[in-house]
Structures are given as C-alpha cells and as structure tokens.
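Colleague: Everything below, folded, please.
(2 chains)
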Amino acid sequence: MNFPEDLKYTRTHEWVRALDKKTARVGITDYAQHELGDLVFVNLPEVGDEAIMGERIADVESVKAVSDIFSPVAGEVSAVNDEILDAPELVNSDPYGAWLFEVGEITEREEFMSAEDYEKYCEEGE
Amino acid sequence: MKLSFEKSRQGRFFPLLPELDVPERKISSALTRAGSPRLPEMSPPDISRHYSELARRTHGVNDGFYPLGSCTMKYNPKINDEMANLPGFTHIHPLQPEHTAQGCLEAMARAEGLLCEITGMDSMTFQPAAGAHGEFTGVLLIKAYHESRGDSARTKIIVPDSAHGTNPATATMTGFQVVNIPSDGSGCVTLDALREAVGPDTAGLMLTNPNTLGIFDRNILEITKIIHDAGGLCYYDGANLNAIMGVARPGDMGFDVMHLNLHKTFSTPHGGGGPGSGAVGCKSELARFLPSPHVSRRGDEFFFDAPSRSVGRVGAFYGNFLVVLRALTYLVTIGGDGVRDAARNAVLNANYMMKHLSGIYDVAYPGGCMHEFVLSLERLKREHGVSAMDVAKSLLDFGMHPPTMYFPMIVKEALMIEPTETESRETMDFAIAALRSIYERALEEPESLREAPIHTPIRRPDEVNAARHPKLRYNFD
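Modeller: Numbers count the residues shown, from 1 in each chain, chains lettered A, B, ... in the order given. Just a heads-up that it's a prediction; the model follows:
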C-alpha cells in the first residue's frame, strides 16, 4: 500500500494536496480504492459548487457499493477531473494521479493526518 | 446460449391471439408506428425449449437452498398459485362495475383486515408494487401529515447506519434530508445520538426491527417515544417482519406507518425480481392520506372510495392484486398459530445455523439473532486473501444460492444468511458442511476458491466490465 509523504489525509480516506495557499486538490487514497474494489462510476461536483467541510460532495461506485466522498475543506469547487468520468478505473490504477476535484477560496479545513499517521490509522482498522 | 433474437426465423409464429370476431377499427396512420416492431419470430416448441433452457441456467427456491439475507426466500406453497389462477380472479377487468367484482373486493378487504391484525395498523393500501415503492408511499403519508398541520419546518428523516439502502433513498426521493445515526457496539440505535439528532425539524424516523444485523432493538419503545416527543412520526420498514409476525406488532412498538413485503413474508414467488406487493399500513390518524382508491364496506357491499386527503395514486388500479391474493391464501392456510410458528421457526433456524457456523467463521455481532445473522470474513481476507465474494461463488458449486454479500455496510466482508422457516435441518446441515469445507479450502488452497464456481453454466461474470460497458439492447446489425 502506498502512502505518499507529500500529501495530507482524512479519516474518511481522502487525500489532499495543497496547490497554493487557497487551493487544494482532492482524491481517494490507495487504501480506499483497495477496500472499494474496481470502481465503475464516479459522480463529481460541478465547478462553482459550494464545498461544505465534512459534507458529501461526490460519490464513487464499485461493484460492491456506492460510497460518499466528503469535502475535507470549505470553499468553492474550482476544477473537476472529467477524465475519470469515462475511465473510473484510473482511480484504481493510479489513485494519487487520478484526482477527483479541486477546491479554491478555502476558508476552513479539517485536521489532517500525515502519511505516517494515516498509515497507522489504516493498519489499526480505522 | 443463443438469444431469442438469434433463434428467430422469418415467418415462424405462435398462434397466441384468437381470430378477430369484432368489427375492425382503423387507427389513424398519424398514431401508428412506421414499421412492425422487430420481435423474434419463433415456433411453439422453440419458445418452450428456449425458456426451459433459461430455467436450467438459473437457481430458484424450487431448485435448492436460497439463504439470501434480507430477502426471505421461503418456500411458496403451490396452493397460493392455484387460488390466484381461479378464473373468477383472473377473468376480470379492473374497470368493470364494483357490484360485478364483489369477490375480488372482499378478498382485498379480508387481506387488509388480517394484515392489520398482524401489524397493529388500522388501515392499508395495496397499491405500491414492492418494498421501496411502499416506503415512498409511507413517507408521503408522513409528509402529508405534517403539511396538513401547517408544520413546514419538519425537513429531516432520521435513519440508522444499519438501514437498508432504500431508506435514505426514500427519504431523499420524498424531499427530505437524511440524518444518519450510528449503531452502538451491539448493532442497535445509539439513544444519546438519537436524542441529540431530534428537534423541531424532525419529520420522522425510518427503522427496521429486527435490524439488518438480525438483532431486535430492545430500546424500541424508548426510540419511538423520543421521535414522538419531538413531534415526528415513526416508519417501520417491514422487510424483516418474518422474524416477529404473530409475536410482536410494529403498531404496539410505537410505529405510525409501515410497509409489508407481501412477496417475501407472505410467500409469493419473487426470485426473479417480482411481481411484488409493498402494502402500506398506517394508524387511523394517517388513514385519510392513503392512496386512492381504497376498499370500504357498507353492510354486505364492498366498494372503492377515496380517502378524504389522499396523496393520490401511486400506481395503476389496485396494485398487484394476484400477489395480495396469494398472501391471503397463505394466511388463511396457515392460520394465526401458523403465522406465529413460522416466525419462531425462522428465528430458530437462523440461530441453529449461526451457532454451528460461529465455531468456523467470525459472527459480526455474536449472541442470539432473530431471523438472520451476519458473518464477517475480514480475518479470512486479511490472512488468506479469500474474500466474501470468493466464498459466495464457491457455494454455487454446492447447488446453493449464496447469502447476501457486502451488506450491511457497517460489517466488512459481510455474508448475511437468512435460512427462513421452511428449510429442514438436513438442508441447513448440508449448507453448514459446505461452508466448513470452503473454509478449510481457504486455509489450504486459497487459489482454488478464486477460480470458483467450476460447475455452473456461467463461471464468474465480468461484473466490472458489465457495469462499465453495459449492453442494454440487442443490436440487429
């Protein structure tokens, strides 16, 4: 399992990359894609949507189940990764490259975990 | 196997329709389609063999054990079908005058009476076509109730995290926001979290009891009281009624409205996805909101009337009438004692299987269960790389339908087993032995389980590819 050092992590298994002071890119972790299994659909927000911290902003569907994706920050959706709509398998093959959405104008953020802490969190079975 | 379209040969036919014996009426060409629909053309023996071939490739409750958790795949007595095939019930038109259909109306009224007695409800509609449709109808009643009192602030429906997925979907479809309540260590509703969640915005609660873990929530009276004290109503998801019918009644637990899956609990064939009947029962305070029409009685006469503040129709005519008739036949055949015994045996059978499997697999919530229980194969997956999916697929080679997989969501690598009351001890012993031998193989040769099933007409369908690139229609070219 892969836990890149340069990312931050949430308890609901999203990864966050700070692009600049007010913008962050969000995806789901290697652990999350492994637990979910092969993804078959991804629903993304639209650019301009309000991102409310801790609330559902997207969902991913595998052959097992549909899972909600929660926004780790408050702000406004500034970009979405359209590429994965037609190719959700990219999230399985490259979870840290196949990002889901970006949030700009960030006003608030969750307490994130470091790669080391997140790895421990996953090992402990959440 | 070939599709009927591929077997089609031009000019072959099945003389299904009788000769035209009434004057032919021409329909304006503006209303007719340009060409004939491209239906397969087949002779009677080819059609008969086509469907027999399909039947051999599937698995129904008449073929073998079908412990699909949450689906109550009990044996359906054939007398139910005999009654539903009586010409008085089948040679009838939904629009013919009520006085010429008194037997059908009486059958509906009688089914309503018996089902209200079992559930503790006062009134019932048979219009919804199945469980989720019933939920939708029931929550519409809750909405209509609050609206009738001018209380527009009630925008939230509370749903525990062990709920069937249809519960939050129903609440959303009816325009409510869903508030999720976590389960406690024993799989039941966390009372403190519930108390914190309720308020003047609470429209109601949706709950299954016993819940999807097969556990009866002992705090049920306190739960419904918390909701009522906050001004909300309580909806009972009747999916698991098989565990308690004839023993405990949702109406006595404080529920105001509920649905029944007549096709499950009251034994009508539903393995192919229907037809179903999601009858909705409610307390008298909500009866005026029920869908229209509803069967009423005046002296010896039965007639259709419209509840005064009906939410309207939720389906055509009177619902799946012949499914209601099968359920009525079941109830009349087994009687009140039989209803209670069915529930008790369903619980006994589930506990028998759980006890024997608990020495092999990990039971998600140990202790007693009601009509079903959940195994967690998380340890097997972590230590041997064998998933719930692999075990389920391996069961197919034993001529058995697998349990429900990956549900409820709060249990990892879940297998949910519901044997029902109609299975013999020998059938359950065979299933226990099969699950034991699969477990032993998981330790010794886990690779072989990932190959399963070996002996079925289709091995492992490519579910991922089917979901990503579905082929939904026949391509003639």
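Colleague: What degree of burial does the nearest residue to A:D82 once chain neighbours are set aside show, as a neighbour count?
Modeller: Residue nearest to A:D82 in three dimensions, not counting chain neighbours: A:L44, with 7.8 Å by CB to CB, 6 or more residues apart in numbering or on different chains. Every C-beta, even on glycine, is put in place using the N, C-alpha and C of the backbone. A count of nearby residues for A:L44, using other CB atoms under 10 Å in any protein chain shown, gives 20.
Colleague: What's the separation between A:L44 and A:N81?
Modeller: Using CB to CB, to the nearest Å, A:L44 is found at 7 Å from A:N81.
Colleague: Now list whatever residues contact both of those two.
Modeller: A:L100, A:F101 (CB atoms under 8 Å, 6 or more residues apart in numbering or on different chains).
Colleague: Could I get the phi/psi values of B:T427?
Modeller: B:T427 adopts backbone torsions of phi -60, psi -40, taken as degrees, to the nearest 10.
Colleague: Now for the residue lying closest to it once chain neighbours are set aside: which residues touch it?
Modeller: Closest residue to B:T427 apart from its sequence neighbours, by CB to CB, 6+ apart: B:F65 at 5.3 Å. Under the criterion of CB under 8 Å, 6+ apart, the contact list for B:F65 reads B:G399, B:M400, B:H401, B:P419, B:E423, B:T427, B:M428, B:F430, B:A431.
Colleague: can I assume the fourth one is in contact with B:D429?
Modeller: No: using CB atoms under 8 Å, B:P419 is not in contact with B:D429; the gap is 11.2 Å.
Colleague: In terms of secondary structure, what does the host helix or strand of B:N465 contact?
Modeller: According to DSSP states H and E, B:N465 maps onto helix B:463-468. Here helix B:463-468 touches strand A:39-43, going by 3 or more CB pairs under 8 Å, 6 or more residues apart in numbering or on different chains; DSSP states H and E.
Colleague: Alpha carbons only: can I get stretch B:441-454 in CSV?
Modeller: Output of stretch B:441-454 as CSV, limited to C-alpha atoms (Å, rounded to 0.1, in the frame of the first residue of the first chain):
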residue,chain,number,x,y,z
ARG,B,441,-10.0,-25.0,1.5
ALA,B,442,-9.4,-21.3,2.1
LEU,B,443,-6.7,-22.2,4.5
GLU,B,444,-5.1,-24.9,2.4
GLU,B,445,-5.6,-23.8,-1.2
PRO,B,446,-7.0,-20.3,-1.3
GLU,B,447,-6.2,-20.0,-5.0
SER,B,448,-8.8,-22.6,-5.9
LEU,B,449,-11.6,-20.5,-4.3
ARG,B,450,-10.7,-17.6,-6.6
GLU,B,451,-11.4,-19.9,-9.5
ALA,B,452,-14.9,-20.8,-8.2
PRO,B,453,-17.5,-21.7,-9.4
ILE,B,454,-16.5,-24.5,-11.7
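Colleague: any bit of that stretch sitting next to chain A?
Modeller: No: applying CB under 8 Å from any CB of the partner chain, one finds stretch B:441-454 out of contact with chain A, separated by at least 13.8 Å.
Colleague: What count of nearby residues applies to the residue in the stretch 51-200 of chain B that chain A sits nearest to?
Modeller: Closest to chain A within the stretch 51-200 of chain B is B:G165: 8.1 Å, counting by CB to the nearest CB. By the criterion of other CB under 10 Å, B:G165 has 15 neighbours.
Colleague: Angles on the backbone of the residue nearest the centre of chain A, please.
Modeller: By CA atoms, centre = their mean, chain A has its centre lying nearest to A:G27, at 2.7 Å. Note on A:G27: backbone dihedrals following degrees, to the nearest 10 are phi -150, psi -170.
Colleague: Residue 111: helix or strand, and which one exactly?
Modeller: You didn't say which chain, so I picked chain A. Element membership for A:E111, per DSSP H and E: none, as it lies in no helix or strand.
Colleague: Please refer instead to chain B.
Modeller: Going by DSSP H and E, B:A111 is part of helix B:102-119.
Colleague: got the CA positions of that helix in CSV?
Modeller: Provided in CSV are the C-alpha atoms of helix B:102-119 (Å, rounded to 0.1, in the frame of the first residue of the first chain):
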residue,chain,number,x,y,z
GLN,B,102,-67.5,-8.2,-5.1
GLY,B,103,-65.4,-11.3,-4.6
CYS,B,104,-62.2,-9.5,-5.5
LEU,B,105,-63.0,-6.5,-3.3
GLU,B,106,-63.9,-8.8,-0.4
ALA,B,107,-60.6,-10.6,-0.9
MET,B,108,-58.7,-7.3,-0.6
ALA,B,109,-60.7,-6.2,2.4
ARG,B,110,-60.1,-9.5,4.1
ALA,B,111,-56.3,-9.4,3.4
GLU,B,112,-56.3,-5.9,4.8
GLY,B,113,-58.1,-7.0,7.9
LEU,B,114,-55.7,-9.9,8.6
LEU,B,115,-52.5,-7.9,7.8
CYS,B,116,-53.7,-5.0,10.1
GLU,B,117,-54.2,-7.5,12.9
ILE,B,118,-50.7,-8.9,12.4
THR,B,119,-49.1,-5.5,12.2
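Colleague: Quick one: list the elements packing against that helix.
Modeller: helix B:87-90, strand B:123-125, strand B:280-282, strand B:294-298, strand B:301-305, helix B:321-357.
Colleague: and the third one, what does it pack onto?
Modeller: The reference is to strand B:280-282. helix B:102-119, strand B:123-125, helix B:131-148, strand B:257-259.
Colleague: partners of that strand, with directions?
Modeller: strand B:123-125 (antiparallel), strand B:257-259 (antiparallel) (DSSP bridges).
Colleague: List the contacts of the helix holding B:N465.
Modeller: For helix B:463-468, using CB under 8 Å, 6+ apart, the contacting residues are A:D38, A:V40, A:F41, A:E61, A:V63, A:P88, A:E89.
Colleague: Please pick the buried ones from those.
Modeller: By neighbour count, with 16 or more other CB atoms under 10 Å in any protein chain shown, the contacts of helix B:463-468 hold A:D38, A:V40, A:E61, A:V63, A:P88, A:E89 as buried.
Colleague: just these now: which is nearest B:D337?
Modeller: The nearest member of the buried ones among the contacts of helix B:463-468 to B:D337, counting by CB to CB, is A:V63 at 44.0 Å.
Colleague: what's the pLDDT at A:E126?
Modeller: We have a pLDDT of 53 for A:E126.
Colleague: now A:A18
Modeller: 94.
Colleague: In space, what's closest to it - neighbours in sequence excluded?
Modeller: A:A24 (5.5 Å).
Colleague: can you pull the contacts of B:A107?
Modeller: B:F89, B:V324, B:L325, B:L328.
Colleague: and the lengthiest helix in chain A, what other elements does it pack with?
Modeller: In chain A, taking DSSP state H as the definition, the longest helix is helix A:115-123. The elements that helix A:115-123 packs onto, with contact taken as 3+ CB pairs under 8 Å, 6+ apart, are strand A:8-9.
Colleague: one step back: sec struct for the residue nearest to B:T427, please.
Modeller: coil (DSSP: H, G, I helix; E, B strand; the rest coil).
Colleague: For it, what are phi and psi?
Modeller: According to degrees, to the nearest 10, B:F65 has phi -60, psi 140.
Colleague: Can you check the pLDDT for residue 52?
Modeller: All of this refers to chain A. At A:I52, pLDDT is 96.
Colleague: oops, I was thinking of chain B
Modeller: 95.
Colleague: Check the offset of stretch B:340-347 from the chain's centre.
Modeller: 18 Å (CA atoms, centre = their mean, to the nearest Å).
Colleague: and that stretch, C-alpha only, in PDB?
Modeller: As requested, the backbone C-alpha atoms of stretch B:340-347 are provided in PDB (Å, rounded to 0.1, in the frame of the first residue of the first chain):
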ATOM      1  CA  ARG B 340     -46.500 -17.300  14.900                       C
ATOM      2  CA  ASP B 341     -44.900 -20.700  14.300                       C
ATOM      3  CA  ALA B 342     -43.400 -19.500  11.000                       C
ATOM      4  CA  ALA B 343     -41.700 -16.600  12.800                       C
ATOM      5  CA  ARG B 344     -40.500 -18.800  15.700                       C
ATOM      6  CA  ASN B 345     -39.000 -21.400  13.300                       C
ATOM      7  CA  ALA B 346     -37.400 -18.700  11.200                       C
ATOM      8  CA  VAL B 347     -35.600 -17.400  14.300                       C
END
